[in-house]
Structures are given as C-alpha cells and as structure tokens.
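Engineer: Okay, sequence plus prediction incoming.
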Amino acid sequence: LCPSYDDMKIKIRSASRQDLLEAEHDKNDKANSEMVEISSKACIIGVASKWAQSLCLSIVRQLRHRKVSVVFALTGYTALIALSLFPDAICVTNLTGTVVCLKNTSYWTLALLLGALLLMANEGPPDLTMLGFTVLLVLSNVISDADAWSGFCSTSVLSIGALFVVARALEETGAVEKLLLPLLGSPKGHVAALLRLCAPVAIFSAFLNNTPIVAMLLPVCEGWAARSNLSIKVLLMPLSFASMLGGMCTLIGTSTNLVLNALIEADPDPPLAPLRMFSMTLVGLPAAIVGILYLSLFAPLTFRPRSPPSEAAVDESKQEYDLTEPSQSSATSSDLPSTGGPARYG
C-alpha cells in the first residue's frame, strides 16, 4: 500500500516542476504588468508633451499679433506688481526641503523674462534680446558679473564659436564647393548621386558644424540636380541626415559632444573619462556608413522622383495638338457671320 521510492521521487519532481512553472508564470505576469504600466505612463507623458508643444506653438502664434502682445504684457506685469506687494504670496519647496518665498528680485526677473519672450515672439533678435536683458540683470544686482559671463569662459562655447567662424570663412571663399563639385560629377541615377553626396558631406561635418555645411551645400545641390537631371527632393533630406551622421564621429563634429565633454570635465566625480577627438569614432563611423547606405538605397524609393515624359509621349501630344488646331480654327471662322465688308460700329 505504501508508495515506492521511485514513485515518491517522480511525484516530488513533478511537484517541483509545477512550482517552477507557476513561479515563472507569476514572474512573466509581473513583468507584463510592469511593462503595461511603463507603456501607459510613457503614452501619457508623450500625449502631455505633444499637447504642451501644440499649446506653446499656438500661444507664440497669438503673441505675434501686436494687440495680443500688448494685452498679454499688461496682464502679466499687472499680476507681477500685485504679487510683489505681498512678500509671502508665492512660496515653493526646493530640493533640500526648504521653503523659499519669491522676493522682489524674483518678480523683477520674471518681468524681464516676460519682456524677452514678447520681444522674441515678435521677431526680435534672440542674441541681442538675451544679451540686453543679461546686462539689465547685472545692473540691477540680481546676478554678479561672474555669473553673467561665466558661459563665455566655457571651452565648449568658445569651440562652437570658433567652428562657426571657420565655417563662415569656407562659405565666403567657396572652398567646400570647389572640393565637392569634382566629387559629385555626373551620376547615372539617384543611388549613385546620394553616395557621392552623403560621403563627402559626412566627412566635412565630422570637423565642422552641421548647420553651415547644409546651408552652404543647398545651392550646390540645386544646381547639380538641374545639370544632372536629378530630383532635388531626393537629395535635400539625405543631405541633412548625412551631416548629422558625420557630426557624431568626432568630438568637434557637433556642439552636443563639446557641451557633454565640458560637463564631464567640470564634474568632480565624472562617470567616465573626458572625451578625446576620436573617442566616439569606433561607434559613430560604422553607424554613419550604415546610415549613408540606407539613405542611398531607400531615399529614392521613399520620395519617388517624378520621371520626365518620354520623347514618344511628347511627339504624340504634339501630333494631337497639330490635328485639333486647324479644325478648331476653321470651325471658328465658319461660325462668324459674313458682313461683306469691314465691321461698322456706332
């Protein structure tokens, strides 16, 4: 009547397998529920960000109207003056848990920020606007001289400014066009054209800023497309993407790498060593090659360049026009009444 040792062993194994399966099932259910929760949060954040972006764009469009800007400025400044009369009207809790109330300098800063936003929304120069309001903050002792001009002491900012100077010099001298035009040549189709365009652009963008490179090559691409019977809409977007792919291959290729390197150098406990000139080339170069090949192959398929009409179709349309034109003219002349002489009016 008692079960044998082998039967007990089989039952124990089956029970342990059942427990493992249930544990694995519970683990998968928990992971799925966590993924659903994360996805729902990400969806909510994405919808909220899109809604906030569309709201900001609509506000900026409305602020471009002079009357709306005046009403918005009067309302904002009236509210700030009213709040400044009560010292403890607005209090916030900072990251350390300390309660901080807005002071008169805070309201003055908000007033200047409101004025800067209104000026830039009405097509005011952003650089002159921000520089002028920085001077006002220094003169009103809200910030010190060191705080105001500390950004200009950053090596990343100086490097970005130097790259813009070099790019402007290349644009004025036409050096990039002279170097690039022999490489472009006369391609047979759009795939060869994109390979000839994207590879040199990526190389130039690895050592210069992306925006001036694209701005310099826009007229070059338009003239090249007209001479080589290419569709310009197939060339422009790969041009921009190739400049971004080349910019991520070196330290000075894009301003983001320079700013990140400056933050790493300023961090007392950095997560990694400061970047060198070709620190990201090992990853960026293969990605750029794959991206250029993808653009060259799929951009012509995506944008579908309009094929020019064939010579046979042109000749056929000409023949139809020649056949229909005399009949229309004869019908028109026959329909006119015969007056037997010149027409008289009056």
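Structural biologist: Received it, and whenever you're ready, just let me know what you need. All figures in this text were calculated on a predicted structure; none of them were measured in a lab. Residues are numbered from 1 along each chain as shown.

Engineer: any low-confidence regions in this structure?
Structural biologist: For the chain, applying pLDDT under 70 flags the ranges 1-53, 55-57, 59-60, 62-64, 95, 154, 156, 305-346.

Engineer: Strands along that one, start to end?
Structural biologist: 91-93, 99-101 (DSSP state E).

Engineer: Pick the most deeply packed of these.
Structural biologist: strand 99-101 (a mean of 11; mean count of other C-beta atoms under 10 Å). Every C-beta, even on glycine, is put in place using the N, C-alpha and C of the backbone.

Engineer: The strands of the chain: which one's closest to K233?
Structural biologist: strand 91-93 (50.1 Å; C-beta to C-beta).

Engineer: on that earlier part again, would you turn the strands of the chain into CSV with distance to P286?
Structural biologist: Compiled in CSV, the strands of the chain are given as follows (distance: least, C-beta to C-beta, whole Å):
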stretch, distance to P286
strand 91-93, 47
strand 99-101, 49
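
Engineer: Of all these, which one comes closest to A242?
Structural biologist: Nearest to A242, of the strands of the chain and by C-beta to C-beta, is strand 91-93 at 45.9 Å.

Engineer: what's that closest one in contact with?
Structural biologist: Here strand 91-93 makes contact (C-beta atoms under 8 Å, 6 or more residues apart in numbering) with V99, V100, C101, L102.

Engineer: can you rerun that using 6 Å?
Structural biologist: V99, V100, C101 (C-beta atoms under 6 Å, 6 or more residues apart in numbering).

Engineer: what's the closest of those to L230?
Structural biologist: Nearest to L230 among the contacts of strand 91-93, with distances taken as C-beta to C-beta, is V100, at 60.7 Å.

Engineer: Pairing partners for that closest one in the sheet, please.
Structural biologist: Bridge pairing for V100 (DSSP bridges) gives the partners V92.

Engineer: how far away is it from G76?
Structural biologist: In this view, V100 and G76 are 22 Å apart by C-beta to C-beta, to the nearest Å.

Engineer: Same check on W108?
Structural biologist: From W108 over to G76 (counting by C-beta to C-beta), the distance is 13 Å.

Engineer: Many thanks, we can stop here.
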